[in-house]
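[1] requesting a structural model of the entry that follows:
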Amino acid sequence: MTTIRVLIADDQMMVRQGFTVLLNAEPGIEVVGQAVDGLDAVAKTAELAPDVVLMDIRMPELGGIEATRRITAPAEAAAKVLVLTTFDLDEYVYEALRAGASGFLLKDASAEDLARAVRVVAAGDALLSPNITKRLISEFSRMTGAPRAPLKERVGSLTERETEVLSLVAQGLSNAEIAARLVVAEQTVKTHVSRILVKLGLRDRTQAAVFAYETGLVRPAGY
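    Modelled structure (predicted):
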């Protein structure tokens, strides 16, 4: 079993220690370091090469959003960022997703949810349940305004079927659900998703969903 390496970035020592204890008790997960602020998180990510960074949004020196942007910006970036927040629709969460975060997690999440979130993000899969995904991304898109032309042009590189799959990913459907909807094999859907991510230069399904809403490919209900 491959061990998932985790870095915890939070300016509150009790939060860092609490998450460290919870995650180190989980099989296949190891906390390799802690960071006290955003600058520390960027430096520790470069030094320790974690698979997943648990990132608090509000920290001194450098906030979690800018730290997320710096960690995920390089083309060779491997670490996935999981944003920690105290509110399930915190406005900063949307900025974090746009900055490159792969998902978000409430700070009061159970040990089971915490471990699951780390595993899902490390695998590059969708972190959020379909209902939460739709609510979160819909709210996000309402805040972003009109679709940006350069992004819309990038959709043109997709085939008709890939565009269809991207639309369903943005609606929060899993690979199995998409396969059932399109009457194809689940492996075929996985292949489509992989090609979509490569063509659009995206890191995971969360970013693909954000992209679909930002380009106007999918619009929230009532819009």
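
[2] gap between the residue nearest the centre of the chain and Ile71?
    Of all residues in the chain, the one closest to the mean position by Cα atoms, centre = their mean is Ser102, 1.0 Å from it. The spacing between Ser102 and Ile71, counted by Cβ to Cβ, to the nearest Å, is 11 Å. Heads up, the C-betas are built off the backbone N, CA and C, glycines and all.

[3] now do Asp113, the pLDDT please.
    As predicted, Asp113 sits at a pLDDT of 85.

[4] for it, give me its contacts.
    Contacts here follow Cβ atoms under 8 Å, 6 or more residues apart in numbering; on that basis Asp113 touches Leu105.

[5] confirm it sits in a strand?
    No. According to DSSP: H, G, I helix; E, B strand; the rest coil, Asp113 belongs to no strand; its state is helix.

[6] related to what we said a few turns ago, identify the contacts common to Ser102 and Ile71.
    Val81.

[7] what count of nearby residues applies to Met13?
    Using other Cβ atoms under 10 Å, Met13 has 10 neighbouring residues.

[8] and Pro50, how far from Leu166?
    29 Å.

[9] could you do Gly156 as well?
    12 Å.

[10] more crowded one of the two?
    It is Leu166, of Gly156 and Leu166, that has more neighbours when counted by other Cβ under 10 Å, with 27 against 7.

[11] low-scoring stretches of this structure, by residue?
    1, 75, 87-91, 93, 125-154, 219-223 (pLDDT under 70).

[12] list the contacts of the residue nearest to Thr86 when sequence neighbours are not counted.
    Nearest non-adjacent residue to Thr86, counting by Cβ to Cβ, 6 or more residues apart in numbering: Lys107, 5.4 Å away. By Cβ under 8 Å, 6+ apart, the residues touching Lys107 are Val15, Leu84, Thr85, Thr86.

[13] backbone phi and psi for Lys107, please?
    Backbone torsions for Lys107, taken as degrees, to the nearest 10, come to phi -60, psi -20.

[14] and it, how far is that from Leu166?
    Lys107 is 31 Å from Leu166, by Cβ to Cβ.

[15] ok, now Leu39?
    35 Å.

[16] with Leu158 instead?
    7 Å.

[17] show me whatever sits in contact with both of the two.
    Ile196.

[18] can you map out the helices along this structure?
    With DSSP state H as the criterion, the chain has helices at 13-24, 38-48, 64-72, 91-99, 111-122, 130-144, 149-155, 160-170, 175-182, 186-200, 205-214.

[19] okay then, goodbye and thanks.
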